[in-house]
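>>> dropping the sequence and predicted coords here.
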Amino acid sequence: MNADLARSWLSLSAPVAAARAGGRPIVALESTIVAHGMPYPENVRTAREVEALIRDLGAEPATIAVMGGRIRIGLSDDELELLGRSGQAHKVSRRDLPAVLTSGDIGATTVAATMICAALAGIEVFVTGGIGGVHRGAPKSLDISADLQELARTSVAVVCAGAKSILDIGLTLEYLETHGVPVLSCEQDNFAAFYTRDSGFRADWRLDDPAAQARFIRTKWDLGLAGGVVLSTPVPEAAAMPREEIDRLTDQALAQARDQGITGKAVTPFLLARIKALTGGRSLATNIALIKHNAQVGARLALALHLAPRGRLSGAAPAA
């Protein structure tokens, strides 16, 4: 890949450019959660609140989207409003980037596309809600999110509330293990499950301290082990939903999706909307709480990575 050619597609917002010039850490944020994950106006309000939380902790947020034939690294207030209100933004993953860039349309980046764009911009930490994964019934449908393959190939740390509970989380973790993607957790031993705190599956390692998380990630990349790292952190307990309720509603929503012939990348937005309706809006409050919490964890990680030395000093001391 010609890195200079790839970076020529990027447009950095003034605050992001200033943070880079000043040597301040930057945290990438996806835009699919704005365009497809929440209704207006909660989506735009939440996006602005998430950006403010990151700034308050000393890092610069960079919400990523495709607009006017450019990859925007950081959005203005007007651009964020346009993204949240338009209702016409394409959902952009790896395969979609060339089409949306050349068309000049508005594109909201998924986990996979945001990782690609963040890496091009030299951003090491990306905060999302929950990663995509292996969908239920994937042994027959082969429906596996492109997020997982991107995690195996693109060196960005992804902070999330685990994987969405609408997925087959066990198979998702198996896929990540097969492709050498470390799964870290903080605040608990087990991998989180988006609306609920505990998926029932253990993460590979628990690291609560941002400095320890940064040393792990820096050591991985120092060794030339390309690819991402997943850092799972659970939704705050006060906002979590009961696992049994979410499982029941997910099964109901999945059956409705099958009945309506909804497949591919349209499944997740449909399921999130149905679960919101079935919970009377409680799931939206949970979604907002978890993305804000993830932003704080991600900002602390970005600051720690900024300070973490490269080379052997970033890892643990050798045994005597």
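Good, I have the coordinates.

>>> for Ile275, give its distance to Asp251.
With the distance defined as Cβ to Cβ, to the nearest Å, Ile275 ends up 11 Å from Asp251. No exception for glycine: its C-beta is placed from N, CA and C like everyone else's.

>>> quick one: low-confidence ranges for the stretch 201-320 of the chain?
Within the stretch 201-320 of the chain, the stretches with pLDDT under 70 are 313-320.

>>> give me the distance from the lengthiest helix in the chain to the chain's centre.
Among the segments of the chain that qualify as a helix by DSSP state H, the longest is helix 282-307. Its chain's C-alpha centre and that of helix 282-307 lie 10 Å apart, by Cα atoms, centre = their mean, to the nearest Å.

>>> could you check how far Trp9 is from Ala152?
If you measure Trp9 against Ala152 using Cβ to Cβ, the figure is 23 Å.

>>> in the longest helix of the chain, which residues are buried?
283-284, 286-306 (16 or more other Cβ atoms under 10 Å).

>>> stretch 247-258 now?
For stretch 247-258, by 16+ other Cβ under 10 Å, it's Leu249, Thr250, Ala253, Leu254, Ala257.

>>> now swap in stretch 263-274 and tell me
Using 16+ other Cβ under 10 Å as the test for burial, stretch 263-274 gives Lys265, Val267, Thr268, Phe270, Leu271, Leu272, Ala273, Arg274.

>>> stretch 138-149 too?
Buried, per 16+ other Cβ under 10 Å, within stretch 138-149: Ala138, Asp143, Ile144, Ser145, Ala146, Asp147, Leu148, Gln149.

>>> pLDDT-wise, what's the bottom of the residues you listed?
Minimum pLDDT for those is recorded at Ala138 (76).

>>> so what's the closest residue to that residue other than its chain neighbours bridging to?
Computed as Cβ to Cβ, 6 or more residues apart in numbering, the closest residue to Ala138 that is not its neighbour in sequence is Ile144, at 5.7 Å. Judged by DSSP bridges, the bridge partners of Ile144 are Val134.

>>> now the buried residues of stretch 247-258 in TSV, with secondary structure?
Listed next are the buried residues of stretch 247-258 as TSV, based on DSSP: H, G, I helix; E, B strand; the rest coil:
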residue	secondary structure
Leu249	helix
Thr250	helix
Ala253	helix
Leu254	helix
Ala257	helix
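
>>> just name the closest of these to Trp205, please.
Distance ranking of those against Trp205, using Cβ to Cβ, places Thr250 first at 28.0 Å.

>>> for that closest one, which non-adjacent residue is closest in space?
Per Cβ to Cβ, 6+ apart, closest to Thr250 is Ile166, 5.0 Å.

>>> show me the contacts for the one you found.
Shown in contact with Ile166 (Cβ atoms under 8 Å, 6 or more residues apart in numbering): His135, Arg136, Thr250, Ala253, Leu254, Val267, Thr268, Leu271, Leu272, Ile275.

>>> gap between the residue lying closest to the last one once chain neighbours are set aside and Gly170?
Beyond its immediate neighbours in the sequence, the residue positioned closest to Ile275 (Cβ to Cβ, 6+ apart) is Ser283, lying 4.9 Å away. Using Cβ to Cβ, one gets 22 Å for the distance from Ser283 to Gly170.

>>> for Ile73, same thing?
35 Å.

>>> in terms of neighbours, single out the busier of the two.
Ile73 (24 against 14; other Cβ atoms under 10 Å).

>>> which residues does the more buried one form beta bridges with?
Leu12, Ile64.

>>> so it is in contact with Ala65, correct?
No - no contact is recorded between Ile73 and Ala65 when judged using Cβ atoms under 8 Å, the distance being 9.2 Å.

>>> pLDDT averaged over stretch 24-38, what's the number?
Stretch 24-38 comes out at a mean pLDDT of 95.

>>> look up how far Leu207 lies from the nearest residue to Val297 once chain neighbours are set aside.
In space, and not counting its chain neighbours, Val297 is closest to Thr233: 4.8 Å by Cβ to Cβ, 6+ apart. In this view, Thr233 and Leu207 are 11 Å apart by Cβ to Cβ.

>>> compare these two (neighbour count), which wins?
Ranked by neighbour count (other Cβ under 10 Å), Thr233 and Leu207 place Thr233 first, with 24 against 19.

>>> picking up where we left off before, can you pull the pLDDT of the residue nearest to Thr250?
Reading off the model, Ile166 has pLDDT 78.
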